[in-house]
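Visitor: Please find the sequence and the predicted model below.
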Amino acid sequence: MSDTISFVLFSGTDDKLQAAAVMTAGAAALGKRVNIFLQYWALDAFRRDRIDADHGLSPEAGPAGRAAVDALRAAGQASWKETLGQAKELGDVDIQACSLSMDLLHLEESDLDPIVDGVEGVTAFFLAAEDGEVVFI
Amino acid sequence: MAALEIAKTVDAKGLSCPMPIVKTAQAIKEIPSGALIEVLSTDKGSTRDFAAWARSTGNEIVEQSDEGGVYRFVLRKK
């Protein structure tokens, strides 16, 4: 079992980001090194001025899904941002913005929430991923 | 047998996955090797999650129970 796992986050809805954050925290708790590469709409969700906003849910969620997600949050579930923050405190979690997506969205590094560690290209991402699994969300 | 001496308790009741494991992994850093940590959780994945986490990290589950949906684990730090 490789001790590195890498997540490519593409979708920017709160449900997928929450799922990714949970996987990240679980992997960090097991002592795995976790690389997160933010592309497209996931990167947009990490903008400093919007990270705490409502980013909606996947289309398949529907009204019942919305109610279920809201109920879990009301019961005290940590947000995906908080969960990622805890994962970073706990273990070795590196969050990088995709440089192409930065261009696409006309973003500078100062536009991103400080939870993002830096900006890199896909080559650096694959080098960091080593021989561990790469999961696309 | 005397009751086990617990160095630290993590009350993770009401927290959803993966927070019981995350909180435990954080708290166990604060106790010395060989000391015991107690965890209370209501997350339904706890039994399998704590078994997997203990196996992977080398910390040993010395007691576990399920009382009315509250899972209790006592782990000995590696």
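Guide: The structure has been received and is ready for your questions.

Visitor: Which strands or helices does the longest helix along chain B pack on?
Guide: The longest helix of chain B (DSSP state H) is helix B:46-57. Packing contacts for helix B:46-57, counted by 3 or more CB pairs under 8 Å, 6 or more residues apart in numbering or on different chains; DSSP states H and E, involve helix B:19-27, strand B:60-67, strand B:70-76. For glycine as for every other residue, the C-beta is placed from the backbone atoms N, C-alpha and C.

Visitor: Out of the ones you listed, which is the most enclosed?
Guide: Ranked by mean neighbour count, the helices and strands packed on helix B:46-57 are led by helix B:19-27 with a mean of 23 (mean count of other CB atoms under 10 Å in any protein chain shown).

Visitor: For the residue nearest the centre of chain B, grab phi and psi.
Guide: Central residue of chain B (CA atoms, centre = their mean): B:V39, 3.8 Å from the mean position. Here is the backbone geometry of B:V39 (degrees, to the nearest 10): phi -130, psi 130.

Visitor: where do the helices sit along chain A?
Guide: A:14-29, A:40-45, A:62-74, A:80-90, A:99-104, A:122-129.

Visitor: got the angle for the first one vs helix B:19-27?
Guide: With axes from the mean of the first three to the mean of the last three CA atoms, to 10 degrees applied, the angle from helix A:14-29 to helix B:19-27 works out at 40 degrees.

Visitor: who does helix A:14-29 touch, helix- and strand-wise?
Guide: Using 3+ CB pairs under 8 Å, 6+ apart: helix A:14-29 touches strand A:4-9, strand A:33-38, helix A:40-45, helix A:62-74, helix A:80-90, helix B:19-27.
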